[in-house]
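> need a structure here:
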Amino acid sequence: MAIKTIKEIAAEINSGTKTIRDVTIRAWVRTNRDSGKIGFISAYDGSTLNGIQVVYKKESTNGFEQAKITRTSAAIEVTGTIQTTNREDSPFEIVADNIVLLKQSCEDFPLQKKQHTMEFLRDIAHLRPRAKTMQAIMMVRNRLAYAIHRFFQEEGFIWAATPILTSNDCEGAGENFCIQEDPNNPFFIPQAKLTVSGQLHGESYAQAFSRIYTFGPTFRAERSHTNRHLAEFWMVEPEIAFMDVKQLMSLIEAFIRTVIKDVYENCQDSINLFAANNPEIKTRLLSVINKEFVRVSYEEGIEILKKAVNDGYPFEDKNIFFGKDLASEHERYICEKVYNGPVFLYNYPKEIKSFYMKQNPDGRTVAGADLLVPGVGEICGGSEREADFDKLMQRVKELNMDASSIQWYLDLRKYGYHSSSGFGLGFERLIMYILDLDNIRDAILFPRYEGNIKF
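Modelled structure (predicted):
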């Protein structure tokens, strides 16, 4: 018995094979309909987004009566002949000689043959991987993770497994989850927290290996219920020694272009599913793949926005000034209306950026850069790191940070820390961008946010 996946069958058919005999598949039922003497099951096995049609006949299929009663999500084993069709949406099917009902599904299975809202699917997160929409998203997520690792590995980076448990607050925003312990018998001293970023530890690695990247879960105790925030999400954070911010922007551009191109070329079924209702998705992705990324200083960006306000552009927030932390509407105006493509904003005021960013000679800006893309605004941000111990310590004092908790990080500057640059990219936000998802909770299988940890 030759058991094949639907993906393997598709590969054979695409290579020119017209008929494959005595093939066995094991799959789950999406839909089932019969007309008395002939029936049709739409089945999937997860190996590819598109499933396979199973044709079963009363006169020639063993297990015909079992096949008739299979419900949505039932597990089946089918043996028969694969043959091509003239249907574009289903170029091949299996004509069943034998069907075995491996496990019936209960009648109350909540995913039936109708359109379900994404909000409904979130309430059944343990079952939503079976919905075709979620399968499409997760296949993009899988391919994107592969493309990210492949890019960095081919560019000579070392993957660094930075810790989940830490004693520091990388961003200094106080959004850590603290590990609750018995105060009379603590396991960790000082108190342990879940990491908000692997950057600080990544800088330590980079001073030994030159090029490293982290890719793993991070946590933020943000009491935010927006469509772009999660309490648990994944971050991509490379760190490169001997690199300045201009070189960093070039690296970000190559990275973003490469991984999106990889997904675009290898997840066409998933992209087509979403593009059917939103053709702009493909246009936007091709813009990132093919267009040169523009570089604009923050100060120039402020002048662009001031002119837009004077010309009557309907921003919700029209108060534009140097030192403003730009909102998404401002970022999108710059990349969508002015440049119609990806834009780097760089040299931000130091007051609105993190303590570790390298201070520019002007004393008021830092060597940081954010990448803005149409449809979203900021998609990732990075900077050259401050290598001067005294300047870094001064910045820590200005922000009233607890220097003792990151003394090991500050001390790196004493031992050959010439320069270093890196960026952070929210993995789920990139998935959101690729498929134009409305809510980040649909870019991760079991979303965690304030008030929700049901599963």
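> Break down the stretch 51-200 of the chain into its strands, ranges please.
Using DSSP state E, counting those that start in this stretch, the strands of the stretch 51-200 of the chain run over 52-57, 75-84, 92-103, 158-159, 165-166, 177-178, 193-194.
> okay, how far is it across stretch 413-421, tip to tip?
By Cα to Cα, to the nearest Å, the extent of stretch 413-421 from end to end equals 14 Å.
> Which residues belonging to it are considered buried?
R413, Y417, S419, S420, S421 (16 or more other Cβ atoms under 10 Å). Every C-beta, even on glycine, is put in place using the N, C-alpha and C of the backbone.
> out of these, which one sits closest to I379?
Of all the buried residues of stretch 413-421, I379 sits closest to S421, with 17.6 Å by Cβ to Cβ.
> which SS class is I9?
Under DSSP: H, G, I helix; E, B strand; the rest coil, I9 falls in the helix class.
> Could you tell me the model confidence score at it?
What the model reports for I9 is a pLDDT of 95.
> which residues touch it?
Listed by Cβ atoms under 8 Å, 6 or more residues apart in numbering, the contact partners of I9 are I20, V23, I25, I52, I82, F92.
> Among those, which one has the most neighbours?
Most neighbours among the contacts of I9, by other Cβ atoms under 10 Å: I25, with 26 neighbours.
> Name the secondary structure element that contains it.
Here I25, judged by DSSP states H and E, is contained in strand 19-34.
> pLDDT of that strand, averaged?
95.
> what comes up buried for stretch 7-27?
E8, I9, A10, I13, I20, V23, T24, I25, A27.
> Output it in CSV with nothing but the alpha carbons.
Provided in CSV are the C-alpha atoms of stretch 7-27 (Å, rounded to 0.1, in the frame of the first residue of the first chain):
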residue,chain,number,x,y,z
LYS,A,7,1.5,17.4,-1.8
GLU,A,8,3.4,14.4,-3.2
ILE,A,9,0.5,13.6,-5.5
ALA,A,10,0.4,17.2,-6.8
ALA,A,11,4.1,17.1,-7.5
GLU,A,12,3.7,13.9,-9.6
ILE,A,13,0.7,15.4,-11.5
ASN,A,14,2.6,18.7,-12.1
SER,A,15,5.5,16.7,-13.6
GLY,A,16,3.2,15.4,-16.3
THR,A,17,1.8,12.2,-14.9
LYS,A,18,-1.8,11.7,-15.9
THR,A,19,-2.8,8.7,-13.8
ILE,A,20,-1.5,7.1,-10.6
ARG,A,21,-3.0,3.8,-9.6
ASP,A,22,-3.3,2.1,-6.2
VAL,A,23,-2.6,5.2,-4.2
THR,A,24,-3.7,5.5,-0.5
ILE,A,25,-4.2,8.8,1.3
ARG,A,26,-5.1,9.5,4.9
ALA,A,27,-6.9,12.7,5.4
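> so how far is that stretch off the chain centroid?
Once both centres are worked out by Cα atoms, centre = their mean, to the nearest Å, stretch 7-27 turns out to sit 32 Å from its chain's centre.
> Stretch 205-215 now?
With Cα atoms, centre = their mean, you get 22 Å for stretch 205-215.
> for stretch 123-131, same thing?
18 Å.
> Stretch 303-316 too?
32 Å.
> Give the pairing partners of the helix or strand of the chain with the lowest mean pLDDT; include direction for each.
Between all helices and strands in the chain, the lowest mean by mean pLDDT, DSSP states H and E belongs to strand 2-3, at a mean of 83. If you go by DSSP bridges, strand 2-3 pairs up with strand 19-34 (parallel).
> same for the helix or strand following the strand it pairs with, what does it pack against?
Remark: after strand 19-34, the chain's next helix or strand is strand 38-44, criterion DSSP H and E. In terms of contacts (3 or more Cβ pairs under 8 Å, 6 or more residues apart in numbering; DSSP states H and E), strand 38-44 is packed against strand 19-34, strand 52-57, helix 64-69, strand 75-84.
> ok, and for strand 38-44, which residues are buried?
In strand 38-44, counting by 16+ other Cβ under 10 Å, buried: G39, I41, S42, A43, Y44.
> Identify the residues contacting it?
Counting by Cβ under 8 Å, 6+ apart, 6, 25, 27-34, 51-58, 64, 67-68, 70, 76, 78, 132, 135 sit against strand 38-44.
> Quick one: the strands of the stretch 51-200 of the chain as JSON lines, columns for mean pLDDT and distance to D317 too.
Compiled in JSON lines, the strands of the stretch 51-200 of the chain are given as follows (pLDDT from 0 to 100; distance: least, Cβ to Cβ, whole Å):
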{"stretch": "strand 52-57", "mean pLDDT": "97", "distance to D317": "52"}
{"stretch": "strand 75-84", "mean pLDDT": "96", "distance to D317": "54"}
{"stretch": "strand 92-103", "mean pLDDT": "97", "distance to D317": "54"}
{"stretch": "strand 158-159", "mean pLDDT": "98", "distance to D317": "40"}
{"stretch": "strand 165-166", "mean pLDDT": "91", "distance to D317": "35"}
{"stretch": "strand 177-178", "mean pLDDT": "87", "distance to D317": "31"}
{"stretch": "strand 193-194", "mean pLDDT": "91", "distance to D317": "33"}
